[in-house]
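Student: Build the 3D model from these lines:
(chains A and B)
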Amino acid sequence: MSHHTHTWPRLETRVHRIACHFCDSHHLVDLIEEGQAAHCRQCGQVLYRNRKSSLAKAGAFGITAFCLLLTALLFPFISMDVFGNKSSISVPGAITSLWTSGGTFIAVSMAVFVVILPFTMISCLLYLCIPLLIGRTLPFASPIMCGFQMLQPWVMVEVFFLGAMISLLKLVKLAEIDLGIGFWSIAGLMFCLAGAVGGIDKVELWDRIELAKSRRRPA
Amino acid sequence: MSRVRESALQAGLVGCHTCLKVSAASQHQCDRCGSHLHARKKRSIEHTIAFGIAGILAFIPANLLPIMVVTQLGVEENSTIIGGVATFWSMHAYPVAIIIFIASVMIPGLKFIAIAILVAAAKGYLKIDPQQANRIYWLTELVGRWSMVDVFVVAILVGLIQMGNLMTIRPGGAAVAFGLMVILTMLSAHSFDPRLIWDRLRIPKQP
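Tutor: Below is the predicted model of the structure:
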């Protein structure tokens, strides 16, 4: 029985009822092994995947992403030197500088899409994943999971990183550039977020939450 | 035409949009996540069109207004997105020019076309392979966010280059328009429900 905390989908039910979120075809999916995915018979879209050591992976990447986001906030992002004129920015520095130079909208969107939402999303993921490792959930797991899903499309760390690369290409002809710890933190954060979010299927996460909740209630 | 599999809706079931749990169609709230249950996204077409039109309206100033105003030794210079692409092209930085062109001009443009095709297919004005429609929808959802790259380039350049009289950069009006355009098209794609296209292929159940 200790199997159940480690294995997903649940062994006792075996069959999983699901509707494809692309074409709404209705399926009864038999147990799939780790590393396998269930596909829709009608349109071929992935219904869900059973990923290997998903919880541990999502948790580990999540913790790393959390730390990297903190270092990205604390250390300089890019420093440059134009004829002895040194300037250096960190991510929060860039946001305040934007705010004061009239770019209120851009300042807010950068703060929201690159700092606030990623931070919230990682916190939600960790709040769910860490207790689930021992088969538990903390209070408000369902609304937090809803929030986690809603935030996903609005976390734009990788887009910001591409923007940083393009800015660097614009700047190299102008000045001497130094990449700071903040820059490398953002690069790492990009990969860890992909690992954390892509590491676990939302169907699996929901199922585990449901199972943990039912276990908490006295039988 | 081969028969299309029965949908959950036809079977009297509804799949939750949030957690994908399947419940009886008579149920209003999902047991697992507490979300409101509805078989198809509510007013999907209306929302998609409304956000799409708003996005197109924002797309116009995004390309006409300057995205950055560079003041170098007292001389002001406006730069537009297309101007930036041209500059990189003349610098022989072709990959960068192409990336910026794709992310900021082509993707938004194609996205509007893609959304128009999807809406037309869902309304039955256009016959396309639903498999193709799935792919278009998936791509539209995937690439939307990448257009935000221009806004972030401006953010970094403005944040970094504040050197008093020597050179300063201010964000231009296009930066706001562009950001709004990206958010609006993301909302538009998000409102669309691809199930509507598949529903057209299913023979309606006789009462």
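Student: Is residue A:209 in contact with residue A:145, as I believe?
Tutor: Yes: counting by Cβ atoms under 8 Å, residue A:145 is a contact partner of residue A:209 at 6.1 Å. Placement of C-beta: from N, CA and C, glycine included.
Student: where do the contact lists of the two overlap?
Tutor: residue A:128 (Cβ atoms under 8 Å, 6 or more residues apart in numbering or on different chains).
Student: Point out where chain A drops to low pLDDT.
Tutor: Under the criterion pLDDT under 70, the flagged ranges of chain A are A:1-7, A:9-14, A:217-219.
Student: what about the longest helix seen in it, near chain B?
Tutor: The residue-count maximum for a helix in chain A (DSSP state H) belongs to helix A:54-74. No: judged by Cβ under 8 Å from any Cβ of the partner chain, helix A:54-74 makes no contact with chain B; its nearest approach is 13.4 Å.
Student: Also stretch A:149-169?
Tutor: Yes: contact between stretch A:149-169 and chain B, assessed by Cβ under 8 Å from any Cβ, occurs at A:149, A:153, A:156, A:159, A:160, A:162, A:163, A:164, A:166, A:167, A:169.
Student: In helices, which of those fall?
Tutor: Per DSSP H, helices hold the following members of the residues of stretch A:149-169 next to chain B: A:149, A:159, A:160, A:162, A:163, A:164, A:166, A:167, A:169.
Student: Mind putting the residues you listed into a markdown table with neighbour count?
Tutor: Below are those laid out as a markdown table (neighbours: other Cβ atoms under 10 Å in any protein chain shown):
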| residue | neighbour count |
| --- | --- |
| A:149 | 19 |
| A:159 | 22 |
| A:160 | 26 |
| A:162 | 18 |
| A:163 | 25 |
| A:164 | 23 |
| A:166 | 22 |
| A:167 | 23 |
| A:169 | 17 |
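Student: circling back: the next helix or strand after the longest helix of chain A - contacts with which helices or strands?
Tutor: Note on helix A:54-74: by DSSP states H and E, the next helix or strand toward the C-terminus is strand A:78-82. When contacts are defined as 3 or more Cβ pairs under 8 Å, 6 or more residues apart in numbering or on different chains; DSSP states H and E, strand A:78-82 sits against strand A:85-89, helix A:157-171, strand A:176-179, helix B:149-160.
Student: which residues sit against the longest helix along chain B?
Tutor: Identified as the longest helix of chain B according to DSSP H is helix B:44-64. Around helix B:44-64, the neighbours that count as contacts under Cβ under 8 Å, 6+ apart are B:41, B:80-82, B:105, B:108-109, B:112, B:115-116, B:118-119, B:122-123, B:173-174, B:177-178, B:180-181, B:184-185, B:187-189, B:191-193, B:196.
Student: list the buried ones in it?
Tutor: B:44-45, B:47-49, B:51-52, B:54-56, B:58-59, B:61-63 (16 or more other Cβ atoms under 10 Å in any protein chain shown).
Student: Run through chain B and note the low-pLDDT ranges.
Tutor: Short version for chain B, where the test is pLDDT under 70: B:1-2, B:164, B:203-207.
Student: got the CA coordinates for the stretch of helix or strand residue B:86 belongs to in PDB?
Tutor: Using DSSP H and E, residue B:86 maps to helix B:81-90. What follows is helix B:81-90 as a C-alpha-only set of coordinates in PDB (Å, rounded to 0.1, in the frame of the first residue of the first chain):
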ATOM      1  CA  ILE B  81      10.400  48.800 -34.300                       C
ATOM      2  CA  ILE B  82      10.800  48.500 -38.100                       C
ATOM      3  CA  GLY B  83      13.600  51.100 -37.800                       C
ATOM      4  CA  GLY B  84      15.400  48.800 -35.300                       C
ATOM      5  CA  VAL B  85      15.100  45.900 -37.600                       C
ATOM      6  CA  ALA B  86      16.600  48.000 -40.500                       C
ATOM      7  CA  THR B  87      19.400  49.100 -38.200                       C
ATOM      8  CA  PHE B  88      20.400  45.600 -37.300                       C
ATOM      9  CA  TRP B  89      20.100  44.600 -41.000                       C
ATOM     10  CA  SER B  90      22.400  47.300 -42.100                       C
END
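Student: by how many degrees do it and helix A:157-171 diverge?
Tutor: Put simply, helix B:81-90 runs at 60 degrees to helix A:157-171, going by axes from the mean of the first three to the mean of the last three Cα atoms, to 10 degrees.
Student: and the angle for helix B:81-90 with helix B:149-160?
Tutor: 80 degrees.
Student: before we move on, the earlier item: of the contacts of helix B:44-64, buried ones?
Tutor: B:41, B:80-81, B:105, B:108, B:112, B:115, B:118-119, B:122, B:173-174, B:177-178, B:180-181, B:184-185, B:187-189, B:191-193, B:196.
Student: Mind checking which of the residues you listed are in strands?
Tutor: Among these, no residue falls in strands (DSSP state E).
Student: any idea how far residue B:38 lies from residue B:135?
Tutor: Residue B:38 is 25 Å from residue B:135, where distance means Cβ to Cβ, to the nearest Å.
Student: again with residue A:157
Tutor: Taken as Cβ to Cβ, the span from residue A:157 to residue B:135 is 26 Å.
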